[in-house]
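**Q** give me coordinates for this.
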Amino acid sequence: ARAARLSGSLSGPLGAASGGGHVRLIPSESGTKLEYDYTVRVSGTAAAVGGRLLDGAAEIIIRKFFEGLARYVAPQDRIAEAGGIFERLWRGILSLIGSGK
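**A** Below you'll find the model as predicted:
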């Protein structure tokens, strides 16, 4: 199995948010299984006014991110071309957040 940790934070006039996740790639008979867990912390006015809404929205966004990432890295020929699953995973993350590097 392989694993990676992802984390990030941001702040603005309405508050701040930070979070992190642990991604695991586990070999299986049918391919590779992607498992993840995450935490998100929101503070400030945004959390005080819409904390429960933000929790639900964060859960949906994170789930959609990993579902899309799993589809993006799934084809074996694309993984081989990229030089490995972690390089492919990293490129997928960068493309999803809009970084060209």
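**Q** give the contact list for residue 17.
**A** Shown in contact with residue 17 (Cβ atoms under 8 Å, 6 or more residues apart in numbering): 9-11, 40-43, 46. To be clear about C-beta, it is placed using only N, CA and C from the backbone, and glycine gets the same treatment.
**Q** any idea which of the residues you listed is least confident?
**A** Taking the contacts of residue 17 together, the minimum pLDDT is found at residue 46 (78).
**Q** what is the burial count for that one?
**A** Neighbour count for residue 46, taken as other Cβ atoms under 10 Å: 17.
**Q** one more: residue 25?
**A** Other residues lying near residue 25 total 18 when counted by other Cβ under 10 Å.
**Q** state the distance from the nearest residue to it once chain neighbours are set aside to residue 26.
**A** Nearest residue to residue 25, sequence neighbours excluded (Cβ to Cβ, 6 or more residues apart in numbering): residue 2, at 4.5 Å. According to Cβ to Cβ, to the nearest Å, residue 2 stands 8 Å off from residue 26.
**Q** and residue 59, by the same measure?
**A** Using Cβ to Cβ, one gets 22 Å for the distance from residue 59 to residue 26.
**Q** quick one on the thing from earlier: make sure the residue nearest to residue 25 is actually in contact with residue 33.
**A** No: if you go by Cβ atoms under 8 Å, residue 2 and residue 33 don't touch, sitting 11.3 Å apart.
**Q** identify the contacts common to the two.
**A** Shared contacts of residue 2 and residue 33, defined by Cβ under 8 Å, 6+ apart, comprise residue 25.
**Q** tell me how far residue 60 lies from residue 47.
**A** Taking Cβ to Cβ, one finds residue 60 at 17 Å from residue 47.
**Q** who does residue 11 bridge with?
**A** residue 16 (DSSP bridges).
**Q** quick check: it vs residue 34, distance?
**A** On the measure of Cβ to Cβ, residue 11 and residue 34 end up 30 Å apart.
**Q** so these two - more neighbours on which side?
**A** Between residue 11 and residue 34, residue 34 has the larger neighbour count (other Cβ under 10 Å), namely 17 against 11.
**Q** output the lowest mean pLDDT helix or strand found in the chain.
**A** helix 76-82 (a mean of 48; mean pLDDT, DSSP states H and E).
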